[in-house]
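1. just need the structure, nothing else, for what follows:
(2 chains)
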Amino acid sequence: MKDGFVHALRAAAALVALVLCAFAQSAEPRVTAKLSTGVAKLGEQITLQVIAENVADATLVPPSAIEGLRVGAFSGPFRESSTTFSGGRVVQYLALTWNAAIRPEKTGEFTIPPLSVKIGNRVAQTAALSLTVVADLQGEDLGFIQVIPSSKRVIDGQPFSVEVRFGWDARRTRFNYAILSLPWWRQLEGTVENALAPSGRPPSDVYAFIDNERFEGIEEIEPTTLRGTTFRTFRMVKSFTPTRAGQLELSTSSLEFGRVVAREDFFAFRQSLERAEQFFARGEPLSIEVVPLPESGRPFDFGGAVGTFSVKAGAEPRDVTAGDSIKFKVEWTGAGNLEFFEAPDPEHQEAFKGFRVYGKTETKSVDRRVVVYDLAPLESTLQAIPPLEMPVFDPEAMRYVRLATPPITIHVRPLKDAKTLEAEGSAERSARDLVDIDARAEASESLPRVPGEVLLGALVLAPALALGVRARVRRRGDPNAPAEKRRRKARRQLERELASAADARGRFEAFCEFLGARTRESREAWIGRRFERGAQGGVPGLATPLAPELERELERELASLEHAAWSGEARETDRGRLLALADRLIAGGL
Amino acid sequence: MGRWLAILVCLLAALAPRALAAESTAGPADGTSSVTSPAASPGAPADARASFEAGVAAYRAGDFGRARAHWLAALDAGGDQVDRKALCFALGNAAARSQDLGAAVGWYSAAQRLAPRDADVLANLEFARREAGFEPFDKGDLTSTLQRVFDAWTVAEASWIALGAIVLFFAVLLFEALRGGAGWRRFAILCGAGALLAIVPWVRALERERADALLVIEKSGAPLRSEPRDGATTIETLAAGSGVRRLDELPGWVRVTGVENASGWVRAESVFALAR
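-> Take a look at the predicted model:
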């Protein structure tokens, strides 16, 4: 019931919307642009907004650069639509909005030229906007920002660092935020950034941002005194390695600072920061000259190492047999492009002719380069690992120098009963080839074949024959039945029991057990059994009659055993004779 | 039980003389085949042993063409003076040394059919196939390994393996019949499965022997044409190193069944007869 009502309400709303749309009137497309403020302080962020009204779809043409203003990327378009009743008419409003952040880099009057918006096949333009940028005189007094390079002139490939120092009047203890505008910080054209270990802990009472992104890599240093004022001071450092010669431009940097307070946002369940005091300070633009490496005097084996380095080396093991591997570890440290140069290859150095280089492993960091070479001495006459040389351009001396490791004494033992590796290397190379022909090719006796019909016949007959045998055997009973197993084991059992029987009675019982097992009867059935001659002859109860002589012999033996058992005579019965009789009985059909 | 064993012995005694008297039917399948079998040189000795030795002398002297002619004559002479596998192997070496790698693969394959487990033959076959750019004989996968296990026997060897398995099966069946018991029954089932499995190599060896197998030795593959002329439609391209079966023959052309069981004609020089 409730669902039905909701569905009906939805259908009615949809119908109203359809009718409104049908009757709605859309006005002519209009494109406008506006700034969040017409007068801004140097370093302050302003928002430029472009609005295209009464259009469903449009594209903003990116504006060209404006000298002195840093215009960020436009975000959007954001869509807005509404339908209203006005004077008995339905008016539909559609708008697309783009926003961009502008940060002035210098003071003065600026004109933002008309911005173009493509609507279908035509292009609409906004009116030009004017912006006045003034210096924040109070901010310049209260704060400062400085960009300090390690050197304003570097050699191509020579790492340099740029330190940014900023701060505010130390008496303004409630100031707690800094927003730095550093256009070159994320990417400085013509350089690669060097990874730096994080510096000291960031201050806990200051929020720092770079281009509106929170930044944790600042550290607080000793206060600085400037213009007679003591400033609470912070610093952050970045290191770069130039990749080409020319000028590196670090455009105007600015600092926004002041005090923010946290406000509870009840509906969003979070805190938001609001500026309570806001000031701006400007830094000077800066350029760094990157000088190309001099061509004159450049060694042919120069691998791009630029800096002031020191080197040390070690080897392990030092007492080896010719051909054994030695780990030759070389470590370069100092100020320079340690991460970027090409490590020297001993194979290309004359001094290492007596060694074979199997490879190397490298670890790189901004302050250290470690290369472990896998060397093998080829001859026992070698007494040291020679100096490994590397050409380096020293930017302080402005010339190429050769940095060499100290020689390392080693002891090389000769290989036992073997050629040197050098001799081995010069030997004929081995490769896989054909196996040679058999020059004898003697025909061997060929194995005769089993004819196919024999195989197939055997395959068919063997199971058939076995099944026949099985059927016949099963007619007499299951051969796996306990009585049958007892019967089969009777002879072996008799032999064992006779061997272990201590007296005549034991032997008598063993023989009765044998007879009982063979006739599928119990042992007791043969104790005191009378041999009555029937009309057919033979022992009563036997399936197959025994031969008369055998029967008489069995009767005599049983009587003798029984007498011995019950009379207590110590007469010894011949065990072999009993076993022979048992065999004859089995052969006779027992 | 003794009586049943006596019956078994009698049965084996009845089968054995036939088996031992059986003549090996293996031999040259097609000595006059026109498929990549160059004629012997007119001056070659008629005696197989003498031809072989003359071939060895020529081979050692680096005259591989003459060695091949002598060995082909020895192969044609037949008889049991020279091991046929060694002859095919030597012809493979002569072809390989003459850079006729397709023919070398063919000769090694023929030798491998005669001596399936010969390590030297397999080594040279793989070497020649690799040099010729063919797929390896043993691809190393499960199918290839099973094929190698089942095809590692000559017909005679496989027949004795099969007979042995059947006799074992019969003996176990007899024991089961005489003694009974679940253990013997299970063992009999196992031996039955083993006997059936042991027949597989024999069946495969027979099939291999009877099929008039050819090997595609054209490096870029051989076009299988609908009719025995060059302009005829190509049904498929037979991959180099693949095996096909000969159905018919015309001068310069052989009718074969392709890999996808389509029959067609290929140039005689593109294929190599493996029955030697």
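2. please make it C-alpha for all contacts and neighbour counts, starting now.
-> OK.
3. three-state assignment of the nearest residue to residue B:54 once chain neighbours are set aside?
-> The shortest distance from residue B:54 to any non-neighbouring residue, by Cα to Cα, 6 or more residues apart in numbering or on different chains, is to residue B:70 (6.4 Å). Assigned with DSSP: H, G, I helix; E, B strand; the rest coil, residue B:70 falls in the helix class.
4. quick check: residue B:70 vs chain A, distance?
-> Distance, residue B:70 to chain A, by Cα to the nearest Cα, to the nearest Å: 13 Å.
5. count the residues that sit near that residue.
-> For residue B:70, the count of nearby residues is 32 (other Cα atoms under 10 Å in any protein chain shown).
6. now it: how far from residue A:232?
-> Residue B:70 sits 104 Å away from residue A:232, going by Cα to Cα, to the nearest Å.
7. near chain A, which residues of the stretch 51-200 of chain B show up?
-> Within the stretch 51-200 of chain B, the positions adjacent to chain A are B:53, B:56, B:80-84, B:86-87, B:89-90, B:93, B:120, B:123-124, B:127, B:155-157, B:159-160, B:162-163, B:166-167, B:169-170, B:173-174, B:176-181 by Cα under 8 Å from any Cα of the partner chain.
8. swap the cut-off to 6 Å and go again
-> Residues of the stretch 51-200 of chain B that fall close to chain A, judged by Cα under 6 Å from any Cα of the partner chain: B:80, B:82-83, B:86, B:90, B:124, B:156, B:159, B:170, B:173-174, B:177, B:179-181.
9. make a PyMOL selection of the buried ones in the residues you listed.
-> Remark: buried members of those, expressed as a PyMOL selection using 16 or more other Cα atoms under 10 Å in any protein chain shown:
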select buried, chain B and resi 82+83+86+90+124+156+159+170+173+174+177+179+180
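10. helices along the stretch 401-550 of chain A, start to end?
-> Remark: helices assigned in the stretch 401-550 of chain A by DSSP state H, counting those that start in this stretch are A:421-426, A:452-475, A:482-500, A:504-518, A:548-567.
11. make that chain B, sorry
-> Remark: helices assigned in chain B by DSSP state H are B:2-21, B:48-60, B:64-77, B:84-97, B:101-114, B:119-132, B:142-150, B:155-179, B:182-210.
12. in TSV: these, plus mean pLDDT.
-> Formatted as TSV, the helices of chain B follow (pLDDT from 0 to 100):
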stretch	mean pLDDT
helix B:2-21	48
helix B:48-60	90
helix B:64-77	90
helix B:84-97	92
helix B:101-114	91
helix B:119-132	91
helix B:142-150	87
helix B:155-179	92
helix B:182-210	90
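13. which one of the ones you listed has the most crowded surroundings?
-> For the helices of chain B, ranked by mean neighbour count under the definition mean count of other Cα atoms under 10 Å in any protein chain shown, the leader is helix B:101-114 at a mean of 28.
14. who are the packing partners of that one?
-> Applying 3 or more Cα pairs under 6 Å, 6 or more residues apart in numbering or on different chains; DSSP states H and E, we find helix B:101-114 packed against helix B:84-97, helix B:119-132.
15. same thing but 8 Å
-> If contacts are counted by 3 or more Cα pairs under 8 Å, 6 or more residues apart in numbering or on different chains; DSSP states H and E, helix B:101-114 sits against helix B:84-97, helix B:119-132, strand B:271-273.
16. in the stretch 401-550 of chain A, where is pLDDT below threshold?
-> Filtered on pLDDT under 70, the stretch 401-550 of chain A yields the residue ranges A:416-430, A:532-541, A:543.
17. would you mind listing what in it touches chain B?
-> Within the stretch 401-550 of chain A, the positions near chain B by Cα under 8 Å from any Cα are A:433-439, A:441-444, A:446-452, A:454-455, A:458-459, A:462-463, A:466-467, A:469-471, A:473-474, A:478-480.
18. can you do 7 Å?
-> Residues of the stretch 401-550 of chain A that fall close to chain B, judged by Cα under 7 Å from any Cα of the partner chain: A:434-435, A:437-439, A:441-443, A:447-451, A:454-455, A:458-459, A:462-463, A:466, A:469-470, A:473, A:479-480.
19. quick one, which of those are buried?
-> Buried subset of these (neighbour count, 16+ other Cα under 10 Å): A:434-435, A:437, A:441, A:448-451, A:454-455, A:458-459, A:462-463, A:466, A:469-470, A:473, A:479-480.
20. for the stretch 151-300 of chain A, which residue gets nearest to chain B?
-> residue A:300 (43.0 Å; Cα to the nearest Cα).
21. do the same with the stretch 251-400 of chain A
-> Residue of the stretch 251-400 of chain A nearest chain B, by Cα to the nearest Cα: residue A:358 (30.3 Å).
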